[in-house]
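Asker: Provided below are the primary sequence and the corresponding predicted coordinates.
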Amino acid sequence: MKLTPTLLPLMGAMTLAFASQAYAQEQTVVIGLTGPLSGSNAFAGKDNENGVRLAVDDLNSKKITVGGKTLKFVLQSEDDQCDPKAGVQVAQKFVDSGVKFVMGPYCSGVAVPASRIYNEGGAMLSTVGTNPKVTLGGYKNLFRIIASDNQIGTGMANYAANVLKVKSVAVIDDRTAFGQGVAQEFTKEAKRLGLNVVGQEFTTDKAT
């Protein structure tokens, strides 16, 4: 068929209509990830990022549909460096861009201040931050998906006393929110169990 000048605009309009219809049949869902993608904790941040990326690929392969639209999951990763200030900036960026589900933060020191931003922005947060303060804000859209410091520290003390059968322990932490939290809970439970805490020292998370 020969396209006349009269038919060209019509064909163009039909092409746009079909393109719009195809686009409308797909709904993009952004999954945010906030964690230490650089620095001393980058090993954990990168592992988490790779894990979420595998999950996103798996979800997309299933062609999940909602309301007649196929969901297309997209991963958006941001480096919070396990730094509270950077973590708050990442949280604000996610909220401003309309991200509604975020995996992370990895560090409690980031999760505590950033959780308020996510709550105010209506974003759901799944964090591995273990410090009890992470959930003390009472935000209903925040979920801790790992044991808390008191559970970890208490469990370690019980293992030392009842399985290893040690009588004396020394406690060293790295001054991070996670390290201090676990150390405090371990020390408290160890003393309750009758262990002799011979020393409490600390280093930094930058030490090797």
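Answerer: Cool, the structure landed.
Asker: List the contacts of residue 92.
Answerer: residue 117 (C-beta atoms under 8 Å, 6 or more residues apart in numbering). For every residue, glycine as well, the C-beta is placed using N, CA and C.
Asker: Doesn't it belong to a helix?
Answerer: Yes: Residue 92: assigned to a helix according to DSSP: H, G, I helix; E, B strand; the rest coil.
Asker: Domain map for this structure?
Answerer: Listed by automatic domain parsing, the domain ranges of the chain are 26-144, 149-202.
Asker: and those domains, which is most packed in?
Answerer: Among the domains of the chain, the stretch with the highest mean neighbour count (mean count of other C-beta atoms under 10 Å) is domain 26-144, at a mean of 18.
Asker: now that domain, how far from the centre of its chain.
Answerer: 4 Å (C-alpha atoms, centre = their mean, to the nearest Å).
Asker: Out of the domains of the chain, flag the one nearest residue 208.
Answerer: Ranking the domains of the chain by proximity to residue 208 (C-beta to C-beta) places domain 26-144 first, at 8.8 Å.
Asker: Now do the end-to-end distance for that closest one.
Answerer: End-to-end distance for domain 26-144: 31 Å, by C-alpha to C-alpha, to the nearest Å.
Asker: Can you lay out the domains of the chain as JSON lines showing mean pLDDT and distance to residue 208?
Answerer: Shown next, in JSON lines, are those (pLDDT from 0 to 100; distance: least, C-beta to C-beta, whole Å):
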{"stretch": "domain 26-144", "mean pLDDT": "95", "distance to residue 208": "9"}
{"stretch": "domain 149-202", "mean pLDDT": "94", "distance to residue 208": "11"}
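Asker: contacting residues around the helix or strand harbouring residue 113?
Answerer: Under the criterion of DSSP states H and E, residue 113 resides in helix 108-120. Contacts to helix 108-120, defined as C-beta under 8 Å, 6+ apart, come from residues 34, 80, 82-84, 86-88, 90-92, 94-95, 102, 104-105, 124-125, 127, 129-131, 133-134, 137, 139, 141-142, 149, 176-178, 181.
Asker: go on, stretch 199-208?
Answerer: With C-beta under 8 Å, 6+ apart, stretch 199-208 has contacts from 40-41, 82, 170-176, 179-180, 183, 187.
Asker: Just the strands from the chain, written as ranges.
Answerer: For the chain, applying DSSP state E gives strands covering 26-35, 65-66, 69-79, 101-103, 124-127, 142-144, 168-173, 196-202.
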